[in-house]
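# for reference, the sequence and a predicted model appear below.
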Amino acid sequence: MTNREQLIQELEQAPDDLIHLVLDFLHRIKAMQTPHPLAKFSGILSDSEAEELQKTIAAECRQVDLNEW
């Protein structure tokens, strides 16, 4: 049984005052949710572009020069 199914089953058996509280809670939680500021960039790269970027980062950015200091 999924969480959704279990919740529906519990709600079907709950008294009306509890249903009202749960619904109010759900509305408050949904109102507080804001999209992540970086979400607007999700999906702008193709798979090949993302793979190329990952390879470049691995090759260029993860290098430590132990003799630099």
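That came through, no problem. Numbers count the residues shown, from 1 in each chain.
# and the residue sitting nearest the centre point of the chain, helix, strand or coil?
Central residue of the chain (C-alpha atoms, centre = their mean): His36, 8.5 Å from the mean position. Put simply, His36 is coil when judged by DSSP: H, G, I helix; E, B strand; the rest coil.
# pLDDT score for it?
Here the pLDDT value assigned to His36 is 85.
# which neighbouring elements make contact with the longest helix anywhere in the chain?
Longest helix of the chain, by residue count under DSSP state H: helix 16-32. The contact analysis (3 or more C-beta pairs under 8 Å, 6 or more residues apart in numbering; DSSP states H and E) places helix 16-32 against no helix or strand. C-beta: built from backbone N, CA, C; applies to glycine.
# try 10 Å this time
With contacts taken as 3 or more C-beta pairs under 10 Å, 6 or more residues apart in numbering; DSSP states H and E, helix 16-32 sits against helix 3-13.
# outside of the helix it packs on, which residues touch it?
Met1, Thr2, Leu18, Ile19, Val22, Leu23 (C-beta atoms under 10 Å, 6 or more residues apart in numbering).
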